[in-house]
Structure formats: structure tokens, C-alpha cells
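Peer 1: A predicted structure for the sequence below; I have some questions about it.
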Amino acid sequence: QVQLVESGGGLVQAGGSLRLSCAASGRTFSTYAMGWFRQAAGKEREFVAGINWNGGSTDYADSVKGRFTISKDDGKNTMFLQMNSLKPEDTAVYYCAADSRSWLGVLSTTQEYTYWGQGTQVTVSS
């Protein structure tokens, strides 16, 4: 079992930055594919960014490319999402996710992930 806990959300003005963290339990964190998703009010959960088990491959939703950066620190069992140039449309609850099927590379759909955090709210004001 893997437990995921997000932190770092909050209220920020448009154009600002936030850094989300996802702390994971378990000894095999370094072998997991991980990702960030978000869900705005009244909308479906959508893919934001994903990273493969060794951090060598990443993928981003078109809406965040060039603004968001995903990374992981295996020594700290933590994944990060650096969010710059935030826009009001980035407002959502952000979830981190993990899956042990590392041979699949970067995972980008909700169905591919087994473990989920509880989410952290990000609100971008205009």
C-alpha cells in the first residue's frame, strides 16, 4: 500500500507561482510512476503532468506546457509540481497519483493509477 499526501495549495493571484508537494509512504517510491491531476468544480478530473519511475520521462497537458514542471525526489519520497504563470483557469483541486506498473512509462489517465491522495485546493484570482 502507498499513501499519498498533497500540500502546498492555496490562493494566489494570476501570474503567480505555487509549488505542490506529494509525500509518499512506502519503501518502493522510487519504482513508481507518478502524476498530477486536477478537478475543477463541475468538471471531470483531468491529467496535468506525469513522470516515469526514474524521472527520465515526463508528459504534460497542453494547457500547462511551459508553465508547470513535474519532478520527484526519491530520497525524500516526494513528488513536486512547480506551477508558474498561473491563470484563473488553473483553479481546481489538485491530486497526486501513483502506480507500481513502472514498465508502462508515463501514465496519463485516471484509470492507469492505483493510488490517490486526498487533494489540495489551488485558487487563482484574477
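Peer 2: That came through fine. Numbers count the residues shown, from 1 in each chain.
Peer 1: Work out which residue lies at the spatial centre of this structure.
Peer 2: Geometric centre of the chain, nearest residue: residue 36, 2.2 Å, by Cα atoms, centre = their mean.
Peer 1: now that residue, nearest residue through space, not along the chain?
Peer 2: residue 48 (4.3 Å; Cβ to Cβ, 6 or more residues apart in numbering). For the C-beta atoms, the positions are set from N, CA and C on the backbone; glycine is no exception.
Peer 1: which helices and strands does the helix or strand the residue nearest to the centre of the chain falls within pack with?
Peer 2: Using DSSP states H and E, residue 36 maps to strand 33-39. Counting by 3 or more Cβ pairs under 8 Å, 6 or more residues apart in numbering; DSSP states H and E, the packing neighbours recorded for strand 33-39 are strand 18-24, strand 46-51, strand 68-73, strand 78-83, strand 92-99.
Peer 1: can I get these in JSON lines with mean pLDDT?
Peer 2: Below are the helices and strands packed on strand 33-39 laid out as JSON lines (pLDDT from 0 to 100):
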{"stretch": "strand 18-24", "mean pLDDT": "97"}
{"stretch": "strand 46-51", "mean pLDDT": "98"}
{"stretch": "strand 68-73", "mean pLDDT": "96"}
{"stretch": "strand 78-83", "mean pLDDT": "97"}
{"stretch": "strand 92-99", "mean pLDDT": "97"}
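Peer 1: Now distance to residue 105 too, for the ones you listed, in TSV please.
Peer 2: Putting those into TSV (distance: least, Cβ to Cβ, whole Å) gives the following:
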stretch	distance to residue 105
strand 18-24	19
strand 46-51	9
strand 68-73	14
strand 78-83	16
strand 92-99	11
